[in-house]
Structure formats: structure tokens, C-alpha cells
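Participant: 3D, please:
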Amino acid sequence: MALRAYARRMWIEEMFGDMKRHGFDLESTMLRHADRLSVSLLYVWLISTGRHTIQDGLRNLVDRKDRRDLSFFQIGLRFIDRQLLNSLPFYFSLCAYR
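Facilitator: Numbering: from 1, shown residues only. This next block holds a predicted model:
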């Protein structure tokens, strides 16, 4: 039970970091209630993209090999940014989390 609670806490810590300075930087925006849904959907999509990037063996394109300290969100964001900068395709897909 303690391990499960600690694992959940780590996900929450990562999410707060992603929403603040390590990602969206929501503190400096003026979002209204309707905008939050868009940010939430984008966040879930970027996490899913990060997970797919790792599963497809493409993590080395956006993350350091000597230190793995990026969240799924950061990996997804960097992968999409890389694809757009290089005019490469990317896919919209979501995966289930448990």
C-alpha cells in the first residue's frame, strides 16, 4: 500500500512540474475555465506520445543516454517539436494508463 501511494505521489510531482516551469508554464498564462480542457487534452496527448516514443525505441532522439530525467510529457513534447522542426510526420494516438 505504501509503495502504491508513493508511486502515485511521484506521478503527481511530475505533473506539477510539467504544468509549471518544466513544461506549459501555466503560471504565466491567463487561462480561463474553457481553456483548461484544451490544456488537459494536450497534456494527456503529450504523455501518450512520450510513452509511445519510449516503446518504439525512439527515446534516444530526444533524451540523454547518460541521465534519464525527463517525464513522459517532456519526452512527448520534445519528440513532437523535433518532428515539426524536421517536417516529419507524427501520429495522434492515446494509450490507456492504469
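
Participant: Using the three-state scheme, assign the residue nearest the centre of the chain.
Facilitator: The chain has Phe73 as the residue nearest its centroid, 1.0 Å off, counting by Cα atoms, centre = their mean. Classification of Phe73 by DSSP: H, G, I helix; E, B strand; the rest coil places it in helix.

Participant: wait, it sits on Tyr43?
Facilitator: Yes: counting by Cβ atoms under 8 Å, Tyr43 is a contact partner of Phe73 at 6.7 Å. Every residue, glycine included, has its C-beta placed from N, CA and C.

Participant: For these two, list the residues in contact with both.
Facilitator: Residues touching both Phe73 and Tyr43 (Cβ atoms under 8 Å, 6 or more residues apart in numbering): Met15, Asp18.

Participant: Mind exporting the C-alpha coordinates of stretch 68-84 to PDB?
Facilitator: What follows is stretch 68-84, C-alpha atoms only, in PDB (Å, rounded to 0.1, in the frame of the first residue of the first chain):
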ATOM      1  CA  ARG A  68      17.200   9.700 -17.800                       C
ATOM      2  CA  ASP A  69      15.400  12.500 -16.000                       C
ATOM      3  CA  LEU A  70      12.700  13.600 -18.400                       C
ATOM      4  CA  SER A  71       9.000  12.900 -17.800                       C
ATOM      5  CA  PHE A  72       6.700  11.200 -20.400                       C
ATOM      6  CA  PHE A  73       5.400  14.700 -21.000                       C
ATOM      7  CA  GLN A  74       8.800  16.200 -21.700                       C
ATOM      8  CA  ILE A  75       9.700  13.300 -24.000                       C
ATOM      9  CA  GLY A  76       6.400  13.700 -25.900                       C
ATOM     10  CA  LEU A  77       6.800  17.400 -26.200                       C
ATOM     11  CA  ARG A  78      10.400  17.200 -27.400                       C
ATOM     12  CA  PHE A  79       9.500  14.400 -29.900                       C
ATOM     13  CA  ILE A  80       6.700  16.400 -31.400                       C
ATOM     14  CA  ASP A  81       8.900  19.500 -31.600                       C
ATOM     15  CA  ARG A  82      11.600  17.500 -33.300                       C
ATOM     16  CA  GLN A  83       9.200  16.100 -35.800                       C
ATOM     17  CA  LEU A  84       7.700  19.500 -36.600                       C
END
